[in-house]
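> sequence first, predicted coordinates after that:
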Amino acid sequence: MADLSLLQDSQEDTDGFGVDGFSSESDAIIVPSVLDFVSQDEMLTPLGRLDKYISSENVFNRQMVARSLLDTLRAVSEDERECVSVLERIDRLADDSEPTVRAELMEQIPHIAIFCQENRPSIPFAFSKYLLPIVVRYLADQNNLVRKTSQAALLVLLEQELIERGDVESLVCPVLVDLTAPDSNDDVKTEAMAIICKMAPMVGKDITERLFLPRFCEMCCDCRMFHVRKVCAANFGDICSVVGGEATEELLLPRFFQLCSDNVWGVRKACAECFMTVSSATSPEVRRTKLSSLFISLISDPSRWVRQAAFQSLGQFISTFASPTSNAGQYFRDEGEWSGSQTHSTSADAAPETPAACPQQEEHDSHNPSVCEEQDAADVAEEGGGEQTAEVLSADDPCCADADADSQQCLPEETQPSPEPSEEQQIPEQELFNSFHYWRTPIPQIDLDLELQEEDKRPSAPALGRKQLEELIENLEPHIDDPDVKAQVDVLTAALRATALDSGLEDAFLEPRAAQSNPFSSQQPSEHLSHDTQRRDCSLHVTRDDEDSDVSDSSLNAEEERRSKQQDVVPQALLDQYLSMTDPSRAQTVDMEIAKHCAYSLPGVALTLGRQNWHCLRDTYETLASDMQWKVRRTLAFSIHELALILGDQLTAAHLVPIFNSFLKDLDEVRIGVLKHLYDFLKLLHQDTRRKYLYQLQEFLVTDNSRNWRFRSELAEQLVLLLELYSAQDVHDYLRPLALCLCTDRVSSVRWTSYRLVSEIIRKLSSCSSLLVSFLGELVDKFCHSSKWSGRQAFAFVCQLSIEEECLSLDQFSEHLLPPLLQLVSDPVPNVRVLLAKTLRQTLLEREYFLNSSNCQQEALEHTLVSLQTDVDKDVKYFASIHPCSTRLNEDAMSTTSSTY
């Protein structure tokens, strides 16, 4: 506090103390010095200085008081009464009218609280009585800076668990709930809601459900402030994780549907970003039936920013479909549930005058699932529209009802009346999510026998031909950047594929079935017969059939490709959207880095689908591996070992090894991803395949930039791990030359990692005496007898590591390495002799083997040590003389290593 006096205005004006100011009656002038004020402050007690400056009119003095509160508390910590006096003055300072003083005080509150917690016996209840009320009061301060500082302080106090749970419930939570009241200030309301969302994981489920959850649900529907809704949407996943699945599905999920259809795109974008966390808190059934269709609406959102966020979260959302209790790729429901259920199939046995067909439950637009309602004599499927989001129909309620007792009712899967539809009429679960079924207007199921009877009485509705569909698609393609146009193109493309189905070429959705029993066919049975006749008589119409066959072949190939992507783990619509992320048009209409996001989440998607569904992702992975952006290939390179672990050795050898080989020849930015996990990938391969890479390891020594020393350092670390994958002969023939090359690298860090590699090679070769003797002799020739002092120093360090890590037996060391090591006693470079002294004193003399008088090398060892103790260099004498267990030795050894290596 002594320097505070410099800011005071109590100094007298000294302008009159010049030469002209000499008084005739005075021979000397006494000028007051600044040191006088310093000495006055030093004479004051800590409380006295605090009282002196806390009431100062100078704002900077009061700021300095706030900054020095912790020091003042430490000075008086032994006296409980003085501590209480300081805390009382803190309360007084909290009423300061200057916002900067209050903000400065709030920054010191967490530090003061920690001090009070550590000295709790001296100042009990100091925090809850004096400090916490200040924090709570500042949450509603008029100044934005003070509010922000208090919010940060509150979160720190909660993280450090400095606030008692009772105080949180009785003092903090009610204030925050009041701040989010409808009549509260807009900024304060938004900030308070953000604090509530951040506090929820800290205070736990009980307090969150009782105090925060009702207000959170209310704020999600705040019609006046979209900022509040955006805060709620951004933190929706955290709240769901805290309250659990039951409260999420009953209370929060309806609010989440509303937020996903909000008029403000920023709110919808926040929902897309937290979608995975929300999905993780729900049951698999809700995730599949409700959230999947909701996510599709976000992917097809009119706003590009929403679509971008949705695609970035798509892979994460798909990963939530992985079963937590079984291996990845398994079904998420029991087999009995799958085999005994019928999915959205309907039938109508009523007369044509009173049809009661209920369309299958499909989603018609990007927001609303269609709801089948009770209609008049002729039932009509009523589609949801606009911005409102309808609830997805559950399996416990009938989807439609009819007053006519003779008419067929559309019931849930479990209550479907008998007789059951034939196997051909059942639609697999995954087919409900494909592009065709998703966008196509529901078609009532009609009894084809009745239709045949009425064939002569009423004309059939004309269907668009293949030519017309192709012309429509061609006209719409220039405007395909528009999401709505893209959706129309998808519908027309699906219809074009349907014409191929009706021609009997390929069934894209189900197993082959008779055309007469196809409820989705848009043509009459007579048309099927005409197509069959046309195929049988194709030899009579060569010209026209050649043209048709080209289109048919392309349709067939497209359908075969689409069928190869079918699976039943996740909704097919989600997987189709994920696979479309590699489409070049997505980069133009959604995000330039959408392929990178696809590559980043691909291991999680593969883990969810399982290796049995790898065929769905194979083409996408190969497309990403050949992407023009090196960031995409780099992402795959860093995760290829994880994907190999998921797929197993057979699929890895067939599909990943070629891509791995291409990454080895890629840019350094891509190769580093492969190199960092080289051991993890190679250990998953068969021994014969793994051995082929021995010839390619030397390619890692060549980099695009010679200054990229971290690349070579990583290579040395990976070679240490690779030693266990190969035989001693392979290590000697292929890995040994690489290690010796890295030992002579220009960068010290690479060399020291390589020395550890050399010691591990010694351990590996110790099982074969001939290879070991050859390698040790090579070390002596290249390093101990090197013309460079760094090489001779490296030899001493390798010897030290070999003994400390027990890489070879002491007999082998004494025979092959100890004699040349002792020759370094006459080395002209002191750094070499320093390391020799440390090796002898700290490593060799620690072993009983070298202290035994029967050892033939004992005399030479003692003679060398005496020579080092009388060395001209003081560092050499120090390390040769000091006791190995000395603490200073370890510190000096570390410092010497860092300075000389």
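Sure thing, it's come through. Numbering: from 1, shown residues only.
> give me the number of residues near residue 240?
Neighbours of residue 240 under the rule other Cβ atoms under 10 Å: 25. To be clear about C-beta, it is placed using only N, CA and C from the backbone, and glycine gets the same treatment.
> A helix includes it, no?
Yes - remark: residue 240 belongs to a helix, assigned using DSSP: H, G, I helix; E, B strand; the rest coil.
> which ones are touching it?
Listed by Cβ atoms under 8 Å, 6 or more residues apart in numbering, the contact set of residue 240 reads 248, 252, 277-278, 280-282.
> what two of those are the furthest from one another?
Maximum pairwise distance in the contacts of residue 240, criterion Cβ to Cβ, is 13.0 Å, between 252 and 280.
> which of the two has more neighbours?
For residue 252 versus residue 280, neighbours defined as other Cβ under 10 Å are more numerous around residue 252 (23 against 18).
> do you know how far the closest residue to the more buried one other than its chain neighbours is from residue 275?
Once flanking residues are discounted, residue 252 sits nearest to residue 240: 5.8 Å by Cβ to Cβ, 6 or more residues apart in numbering. Distance of residue 240 to residue 275, computed by Cβ to Cβ, to the nearest Å: 11 Å.
> how about the secondary structure of the nearest residue to residue 54 once chain neighbours are set aside?
Nearest residue to residue 54, sequence neighbours excluded (Cβ to Cβ, 6+ apart): residue 65, at 5.2 Å. Classification of residue 65 by three-state DSSP places it in helix.
> what's the burial count for residue 65?
27.
> report the contact partners of it.
50, 53-54, 56, 93.
> how near is it to residue 72?
Taken as Cβ to Cβ, the span from residue 65 to residue 72 is 9 Å.
> joint contacts of those two?
residue 50.
> ramachandran angles for residue 222?
Phi and psi for residue 222, reported as degrees, to the nearest 10, are phi -70, psi 110.
> my guess is it contacts residue 229. True?
Yes - if you go by Cβ atoms under 8 Å, residue 222 and residue 229 touch, sitting 5.7 Å apart.
> who has more neighbours out of these two?
Taking neighbours as other Cβ under 10 Å, residue 222 and residue 229 compare with residue 229 leading, 27 against 19.
> I'd guess the more buried one is in a strand, am I close?
No - remark: residue 229 does not belong to a strand; assigned using three-state DSSP, it is helix.
> any idea which helix or strand carries the spatially closest residue to it that is not a sequence neighbour?
Leaving out its chain neighbours, the residue that sits closest to residue 229 by Cβ to Cβ, 6+ apart is residue 267, at 5.0 Å. In the assignment (DSSP states H and E), residue 267 maps to helix 265-273.
> what about residue 137, how many residues nearby?
Neighbours of residue 137 (other Cβ under 10 Å): 15.
> got a list of what it touches?
Contacts of residue 137 (Cβ under 8 Å, 6+ apart): residue 94.
> can you rerun that using 10 Å?
With contacts defined as Cβ atoms under 10 Å, 6 or more residues apart in numbering, the neighbours of residue 137 are 94-95, 102, 146, 150, 175.
> now, which of those residues lie within helices?
102, 146, 150, 175 (DSSP state H).
> quick check: residue 252 touching residue 236?
Yes - when contacts are counted by Cβ atoms under 10 Å, residue 252 is listed as touching residue 236 (7.1 Å).
> which residues are in contact with both of these two?
216, 220, 259, 278, 281.
> mind putting those residues into CSV with distance to residue 288 and secondary structure?
Below are those laid out as CSV (distance: Cβ to Cβ, whole Å; DSSP: H, G, I helix; E, B strand; the rest coil):
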residue, distance to residue 288, secondary structure
216, 26, helix
220, 24, coil
259, 21, helix
278, 14, helix
281, 15, coil
